[in-house]
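Visitor: Give me a model of this one.
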Amino acid sequence: MLLGQIEVFLGETGMAATKFGRLAAHDPRFVLDLRMGRMPRNHTAQRIEHFMNVYNRPSAF
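Guide: Down below sits the predicted model:
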């Protein structure tokens, strides 16, 4: 499920949900809305997944 993937991403990166929403969906309320039951369209979900896949995560070193 997309929300679960986003929650893992947020935990791994330490990114705030509102920042993620602004960067990935151009909507700071995106994650909050998902948490409240919003179901994104397929194209939006694909765009969000692409953002998470190409995001340059900070190194652990």
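Visitor: going forward, measure contacts and count neighbours with C-alpha atoms only.
Guide: Fine.
Visitor: any idea where the helices of this protein begin and end?
Guide: Applying DSSP state H to the chain gives helices spanning 2-13, 17-25, 30-35, 42-54.
Visitor: Can you give the contact residues for the shortest one?
Guide: Pointing back at helix 30-35 there. 3, 17-18, 20-21, 40 (Cα atoms under 8 Å, 6 or more residues apart in numbering).
Visitor: Include distance to Tyr55, neighbour count and pLDDT when you put those residues into CSV, please.
Guide: Listed next are the contacts of helix 30-35 as CSV, based on distance: Cα to Cα, whole Å; neighbours: other Cα atoms under 10 Å; pLDDT from 0 to 100:
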residue, distance to Tyr55, neighbour count, pLDDT
Leu3, 17, 16, 97
Ala17, 15, 19, 98
Thr18, 16, 16, 98
Phe20, 11, 22, 98
Gly21, 13, 18, 98
Pro40, 20, 14, 96
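Visitor: low pLDDT regions in the chain?
Guide: The chain contains residues with pLDDT under 70 at 57-61.
Visitor: Show the contacting residues for Asp27.
Guide: 18, 21 are the contacts of Asp27 under Cα under 8 Å, 6+ apart.
Visitor: Kindly report the same for Lys19.
Guide: Pro28.
Visitor: please begin residue numbering at 819 from this point
Guide: Sure, I'll start numbering at 819, so the last one becomes Lys837.
Visitor: Tell me how far it lies from Leu820.
Guide: Lys837 is 17 Å from Leu820, where distance means Cα to Cα, to the nearest Å.
Visitor: Then Asn871?
Guide: Look at Asn871 and Leu820: by Cα to Cα, they are 13 Å apart.
Visitor: same check, this time on Val872
Guide: Going from Val872 to Leu820 by Cα to Cα gives 16 Å.
Visitor: which of these two has more neighbours?
Guide: Leu820 (13 against 8; other Cα atoms under 10 Å).
Visitor: excluding its backbone neighbours, what's nearest that one?
Guide: Ala863 (7.1 Å; Cα to Cα, 6 or more residues apart in numbering).
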